[in-house]
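Enquirer: Predicted coordinates and the sequence they were generated for:
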Amino acid sequence: VQLVESGGGLVQPGGSLRLSCAASGFTFNRYHMLWYRQAPGKERELVAKISNGGISTYYADSVKGRFTISRDNPKNTVYLQMNSLKPEDTAVYYCNAGRDYMRMGDYWGQGTQVTVSS
């Protein structure tokens, strides 16, 4: 099983980034996909999630209206479009895969750093 995130980087406040997570080694369309983030000195928090078929989504209040999660099952990839970025969005973002939509999944990516700063 492998989850590989990409798309992180340094962006100014108000800017945008799109994170990607490419999955392999498991049946992607059977797994719900989640994005978590962890800022220095803070606990890892759920940012957004999407059901295996892409019908259901969830967003943390802190990102609602600014972030959009989506998935392309034929490409085994999940995305996180992040707009109107704020300094408090600075964190390492992790891709997560699981069979239970209501719980953290078993598979993790290595993370990608997002830094929002002027």
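Expert: Great, that's in hand.

Enquirer: Without its sequence neighbours, what residue ends up closest to residue 33?
Expert: Spatial nearest neighbour of residue 33, excluding adjacent residues (C-beta to C-beta, 6 or more residues apart in numbering): residue 78 at 4.1 Å. Quick note: C-beta positions are derived from backbone N, CA and C, even for glycine.

Enquirer: and the gap between the one you found and residue 5?
Expert: Separation of residue 78 from residue 5 (C-beta to C-beta, to the nearest Å) stands at 10 Å.

Enquirer: for residue 67, same thing?
Expert: Distance of residue 67 to residue 5, computed by C-beta to C-beta: 15 Å.

Enquirer: ok, residue 111 touching residue 92?
Expert: Yes: when contacts are counted by C-beta atoms under 8 Å, residue 111 is listed as touching residue 92 (4.3 Å).

Enquirer: ok but residue 74 is inside a helix, no?
Expert: Yes: under DSSP: H, G, I helix; E, B strand; the rest coil, residue 74 sits within a helix.

Enquirer: count of neighbours near residue 9?
Expert: 12 (other C-beta atoms under 10 Å).

Enquirer: Skipping its backbone neighbours, what lies nearest it in space?
Expert: residue 17 (6.5 Å).

Enquirer: what are the ranges of the helices in this protein?
Expert: Applying DSSP state H to the chain gives no helices.

Enquirer: Mind listing the residues bridging to the spatially most central residue of the chain?
Expert: Per C-alpha atoms, centre = their mean, the C-alpha nearest to the average position across the chain is that of residue 35, at 2.8 Å. Beta-bridge pairing of residue 35 under DSSP bridges involves residue 48, residue 95.

Enquirer: again, but for residue 4
Expert: Beta-bridge partners of residue 4, as defined by DSSP bridges: residue 22.

Enquirer: Tell me which residues touch it, please.
Expert: 21-22, 109-110 (C-beta atoms under 8 Å, 6 or more residues apart in numbering).

Enquirer: Quick check: it vs residue 14, distance?
Expert: 28 Å.

Enquirer: repeat for residue 21
Expert: Going from residue 21 to residue 14 by C-beta to C-beta gives 24 Å.
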